[in-house]
Each structure stands twice: as C-alpha cells, then as structure tokens.
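I'll drop the sequence and a predicted model, then ask my questions.
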Amino acid sequence: MADLRCPQPMAGALEGIAERRWTPGADLMVAVDGDGMRHLVELAPAEDRHGGGSERRERGSGAGGSGRGKGDRRSTAARRAAAHSARTERVVDGTGRAVQYVSGRRWELSATGFWQPHYGAAQCYSDVVAEWADAAPGSLVWDLYCGVGVFAARLADQVGQTGAVHGVEFARTAVAEGRAALRDLPWLDLTAERVERWIVEQPEAAPDVVVLDPPRAGAGRDVISALSERSPRRIVHIGCDPASFARDVGLYKAAGYHPVALRVFDAFPGTHHVECVAAFER
Ligand SMILES: C[S@@+](CC[C@H](N)C(=O)[O-])C[C@H]1O[C@@H](n2cnc3c(N)ncnc32)[C@H](O)[C@@H]1O
C-alpha cells in the first residue's frame, strides 16, 4: 500500500484501508458521496492488450534499461491501451452507486465515474459557471465535456423551456446517468459523442453561450477554432491543468476572444494542479 498521507480526503475516508489485503497491481477508488456513504471499489489490474499480461507485469518484463529505443515506445503504447481498457470492478464497501446533490438536484452515478474531487467543488464551480454564463431565456447553450450534466442542469434553468441546452460527453455511462437525473428538463439533451466529432456536425448552430470543462489535456486547437467560428457571445472554460489551460487561453485570444473574468481554485493540494475558470468574450 502506497503512502496514504494526503491532505484532501474527508475524515474517515481512508479508515482501515492500509490494514486490508488488496490485489497486487489493482487501483482503489475511494468515494464519500453526498449522503456520507463511503464506496470502496477495487479496479482489477489493467490488461495489456499488446503483451497479454497485466500492466504491472509488462513494466517488469519490458525491454529494460532507460534508453529511448523501440522497446520503450511499445511499452508506452501498451500502457496507453491498458489505461483505456475496461477493468473489472469489485465493490468492497458501500454500494458502488454514489449519490450526489447540486442545487437541490440529485444524481446517482457509478462511484468510479467522474465527479469533481472535493465535496464542495461541484456546487462551487456550477455557481461560478451559472453566474458567468448568464444565458438568456430562450437561448441555445452548449455544455461540452459535460459528464453527468451538472453544469447543463444550471444552464437549462437559465434558458427555460423555450431554450435548448446540448451537453456532449463521450462516456456512455455518464450520459445515461445524466439523462436519468435530468429527465424533467426535456429542453436539455445529452449526447454520447466525442466533442471534436460532435462539434463539426453542427455547422449551422450559433450558440449564445458555450461552457467547456475538458480533461487535463484541455480542449486544444481544433475544438477551440470550431467553436469560435460559431461566434458565441460568451465562452466559460474550466481547466484543472494550468499549462493546458494557458495554451487554450492563447488559442481563444488568437481567435479574437479575450478573458473578462478569471478565478483559480486551489482544489488539488500537494500537486501543481489548480482549477481555473475563465469567461471570454469578443
Ligand atoms: C473534467 S470532467 C468534467 C465533467 C463535468 N463538467 C462535471 O463537472 O461533472 C471532463 C469530462 O470530459 C469527458 N471527456 C474527455 N474527453 C472527451 C472527449 N474527447 N469528448 C467528450 N467527452 C470527453 C470525460 O469523460 C469527463 O466526464
């Protein structure tokens, strides 16, 4: 068991973990949900599709040495494939189904699915997003990389039933969980699709506001240029990696957008990551 000293977890979240026996090479997901229930899920070691063994075994029996030869490149490809392969989950504590609340709404999602990693973060970020998006009743809004639709729900309240909110997320499970939680908002739809694909399939659309919360790699040139071409009045961008966030800010500026608001949250203590939220206008 690796070092358990971490400043972030809620009291009791890691209780008893170091004393138990776990499968070598497995990952543990620990989630304390909005009802205070702890879910402890063991993810089986990732399968190495290239070499047939586990990721850990692949590392141990790899090309050896620290050179930059072909052996290393194959190991990297194998590790990437392993990271994206489905992994068997074993629920050890709790139900494996986390219940979360934001602005009076209730979501039920897989304890291993995406949720902002601090018990107050989803509410806090969605308050900032709602304030800065300030979408007009009847308008069209996009929520890209929407997860289970936490921001989309707030935006749907703003546009009302004469407007429309399109959320896009590639994890099918998250989309299904989001649809179940938000079925009382028929003017909001969630699509299971890669953002970079979906965005080029909307040639005529001119959203009033676009909200983006991409993963650490950020949104990048193709997505930012495709959405800037639609000339939204306002863009709200959230990023947890300051380096990719800064690169994306540069891409917005090159597309004629300038930042009108910026907030930074020290949400990942002990790491170089911070949660950055910015609003852009032309
Ligand atoms: C930082 S999370 C944001 C989720 C959501 N905004 C929330 O607050 O719960 C990023 C989300 O983007 C999804 N994602 C990553 N790459 C994607 C892509 N290329 N297209 C669509 N969704 C993607 C992930 O599955 C994840 O749910």
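Received, thanks.

Which strand or helix spans the closest residue in space to Asp213 that isn't next to it in sequence?
Excluding the flanking residues, the one nearest Asp213 by C-beta to C-beta, 6 or more residues apart in numbering is Ile238, at 4.2 Å. Heads up, the C-betas are built off the backbone N, CA and C, glycines and all. Assigned by DSSP states H and E, Ile238 belongs to strand 234-239.

elements contacting that strand?
Counting contacts by 3 or more C-beta pairs under 8 Å, 6 or more residues apart in numbering; DSSP states H and E, strand 234-239 is packed against helix 121-133, strand 209-212, helix 242-254, strand 275-281.

looking at those, which is closest to the ligand?
The ligand lies closest to helix 121-133 among the helices and strands packed on strand 234-239, at 6.0 Å (C-beta to the nearest ligand atom).

any idea of the angle that closest one forms with strand 275-281?
Helix 121-133 runs at 10 degrees relative to strand 275-281, counting by axes from the mean of the first three to the mean of the last three C-alpha atoms, to 10 degrees.

now the angle between strand 234-239 and the next helix or strand after helix 121-133, please.
Sequence order places strand 140-144 as the next helix or strand after helix 121-133, per DSSP H and E. Here strand 140-144 points in a direction 10 degrees away from that of strand 234-239 (the same axes, to 10 degrees).

Any part of the following helix or strand past strand 140-144 near the ligand?
Going down the chain from strand 140-144, the next helix or strand is helix 150-159, by DSSP H and E. Yes. On the criterion C-beta under 6 Å from any ligand atom, helix 150-159 is in touch with the ligand at Val150, Phe151.

highest average neighbour count across the helices and strands packed on strand 234-239?
The highest mean neighbour count among the helices and strands packed on strand 234-239, using mean count of other C-beta atoms under 10 Å, belongs to strand 209-212: a mean of 26.

Is the ligand within reach of the helix or strand just after it?
Sequence order places helix 220-228 as the next helix or strand after strand 209-212, per DSSP H and E. No. For helix 220-228, no contact with the ligand is found by C-beta under 6 Å from any ligand atom; the gap never falls below 8.3 Å.
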